[in-house]
Structure formats: C-alpha cells, structure tokens
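1. one predicted model, sequence on top.
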Amino acid sequence: TGVVPFVALLLLQRRPVAGRALLVTGSACPGHGLCRSNVQEQTRRQVALLNATAQDLFSLYLKCQGEPFSSETDKLCNPSGSFFPPFHVNRTSERKEVMVAMYKLFAFLNASLGNITRDQEELNPTAKELLDRLHNTTKTTRGLISNLTCLLCKNYNIFQVDVSYGESSKSRSSFKKKQQGCQVLRKYVQVIAQAARVLLPHLSPP
C-alpha cells in the first residue's frame, strides 16, 4: 500500500489493488479555494443523475452484448462473485463517514467504467449510444470525485483515503469481458440507488 496521486487513481485498474489516494498535492488540504460555491448542490445533482441513468445504462449494455446475456441476465450478471467496495453507511451514519464511503465507491466505479469503456470500444465499436453513455457516466463520475475531494478537504481536512480498485479485464476473453462489465453495472444499479438515498440528508451545511 502506498500513496497514489489523485490523477493516477483515475487510471488504476487492477485487483486486488489497495492504495492510498492522495486527493490533493502537498501535505495538507489547500483550504476553501478548492471548492466552488455550489459544490454541495452540484454533488447532489451528480449523484441524482447517476442514479436516474444507471438502469438505462445497464439495459442498453445488455442489449448490445446480445445472447446469452439478454436471456440469462440473472445467471451471467450476478455480481455476488465480483469485487465491489463495501458501502455500509446509511442515513444515520456520520456525515464524514458517508463522504469517505462515497469517495471510495466512485473512485472504484470510475476505474471500472474505464475498463468497461475500453472493452466496449473493442467489442462493440459501432454501438454509439452505449459508448456515449459510458463516456458521459465517466465524465459525471469524475466531476463527482472532484467535488467529494473538495468536501473532504474543506470540511474534514482529509486528503488521503484508502481505496480499492476492480480487476482489469484486459487479458480476458471477449465473453469474460462482457460478463465482468455486466456484473459491475448490475451491482452499480443497486449501490447507486442506496448511495442516493443516504447522501441527501448529509449535504446540508454541517
């Protein structure tokens, strides 16, 4: 385990890889200058957008993979055997604990989306709608990570977080690449709904 630069954490795609994400450079948070004035509302909207579009992304992904994924979704896309960071916080959890858990979740998701997008560009290069949605989801996730970085620094002076990343699918067969993406996106649908429910009460000023 080491200190992972913030930019690098967006690109790290191995498993099991645990690292300490350095949210900002330097030995401490730079102060309030890191944050936009509407950062809390923007964070709320980003999580709401990801939650609202997650099921459609998963459904479109299934459609583009073809059989047997469309007809055997429960069997092939069961996420129980795949790694996903635990998300055990709830509405009664402390706000700091929620923000750290959210950061870990979306750092993992961002790396996983990179894996999935790369695989789909190889396997389904003409699936423009799917690729556009993957790119847009990644863009929103990166913006959310940036805002969570700001909130953790500004409110709690946290500038390092232990994070885990998913397994790279680069050396896997086409079928396994499709299956891993299917498992991650199905779990994402479940977890983002929980994250959205938990986050709302915690985005009011401390």
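-> Done, it's in.
2. which SS state does Lys170 fall under?
-> Following DSSP: H, G, I helix; E, B strand; the rest coil, the label given to Lys170 is coil.
3. strands of this structure, start to end?
-> Using DSSP state E, the strands assigned to the chain run over residues 3-5, 17-22, 160-165.
4. if you average pLDDT over the second one, what comes out?
-> Per-residue confidence for strand 17-22 averages out to 47 on the pLDDT scale.
5. the first one now?
-> Along strand 3-5, the predicted local confidence has a mean pLDDT of 37.
6. and the closest residue to Lys96 other than its chain neighbours, how many neighbours?
-> Taking Cβ to Cβ, 6 or more residues apart in numbering as the measure, Lys96 lies nearest to Tyr156, with 5.2 Å between them; neighbours along the chain are not counted. For the C-beta atoms, the positions are set from N, CA and C on the backbone; glycine is no exception. The number of residues packed around Tyr156, counting by other Cβ atoms under 10 Å, is 14.
7. please apply the same query to Phe69.
-> Look at Phe69: counted by other Cβ under 10 Å, it has 20 neighbours.
8. pretty sure it contacts Lys178?
-> Yes: in terms of Cβ atoms under 8 Å, Phe69 counts as a neighbour of Lys178; the distance is 6.4 Å.
9. okay, now Thr126: neighbour count?
-> As a measure of burial, Thr126 has 7 neighbours, counting by other Cβ under 10 Å.
10. for it, grab phi and psi.
-> When quoted as degrees, to the nearest 10, the phi and psi of Thr126 stand at phi -100, psi 0.
11. how far away is it from Lys178?
-> Thr126 is 16 Å from Lys178, where distance means Cβ to Cβ, to the nearest Å.
12. kindly report the same for Cys153.
-> Taking Cβ to Cβ as the measure, Cys153 falls 38 Å from Lys178.
13. which one's more surrounded, those two?
-> Shown here are Cys153 and Lys178; by other Cβ under 10 Å, Lys178 has more neighbours (26 against 20).
14. now do the contacts for Leu62.
-> In this structure, Leu62 makes contact with Phe69, Ser70, Thr73, Cys77, Cys182, judged by Cβ atoms under 8 Å, 6 or more residues apart in numbering.
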